[in-house]
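Participant: below are the sequence and a predicted model; questions follow.
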Amino acid sequence: MAALQAEASQKGKHHIVLKCPADLPANTFYQHIGLSLITVVNGSRRKLNVWSLALTTKDRVELLAIGSSQFGHNRPADES
């Protein structure tokens, strides 16, 4: 994870964002290593958790302020 964070920072990225099917045990791992669950969206076949890791303290604050709005192209899973 440290190597991914370092590479993302070197490339000027502010967040690491990933999606994972909500029913997989990998979600526990993502939470354990410090990613934050941002929202849940409808995937093509199942619900997907959207996880994010802000790379700096400033980015963490901005991410909290933005919330799930940056994922507006996906309808939240609770809106069927």
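Facilitator: Perfect, thanks for sending it.

Participant: can you pull up the most central residue in this structure?
Facilitator: By Cα atoms, centre = their mean, the chain has its centre lying nearest to residue 51, at 2.1 Å.

Participant: buried stuff in the helix or strand harbouring that one?
Facilitator: Using DSSP states H and E, residue 51 maps to strand 47-54. Buried residues in strand 47-54, counted by 16 or more other Cβ atoms under 10 Å: 48-54. C-beta coordinates here come from the backbone N, C-alpha and C atoms, glycine included.

Participant: for residue 25, give me its contacts.
Facilitator: Residues counted as contacts of residue 25 (Cβ atoms under 8 Å, 6 or more residues apart in numbering): none.

Participant: and the gap between it and residue 2?
Facilitator: 23 Å (Cβ to Cβ, to the nearest Å).

Participant: and residue 54, by the same measure?
Facilitator: Distance, residue 54 to residue 2, using Cβ to Cβ: 15 Å.

Participant: now do residue 44
Facilitator: Distance, residue 44 to residue 2, by Cβ to Cβ: 32 Å.

Participant: which residue packs closest to residue 5, ignoring adjacent ones?
Facilitator: residue 55 (6.1 Å; Cβ to Cβ, 6 or more residues apart in numbering).

Participant: check what pLDDT residue 64 gets.
Facilitator: Per-residue pLDDT puts residue 64 at 53.

Participant: can you tell me the strand partners of the strand holding residue 51 and which way each runs?
Facilitator: strand 15-21 (antiparallel), strand 36-42 (antiparallel) (DSSP bridges).

Participant: burial count for residue 45?
Facilitator: 7 (other Cβ atoms under 10 Å).
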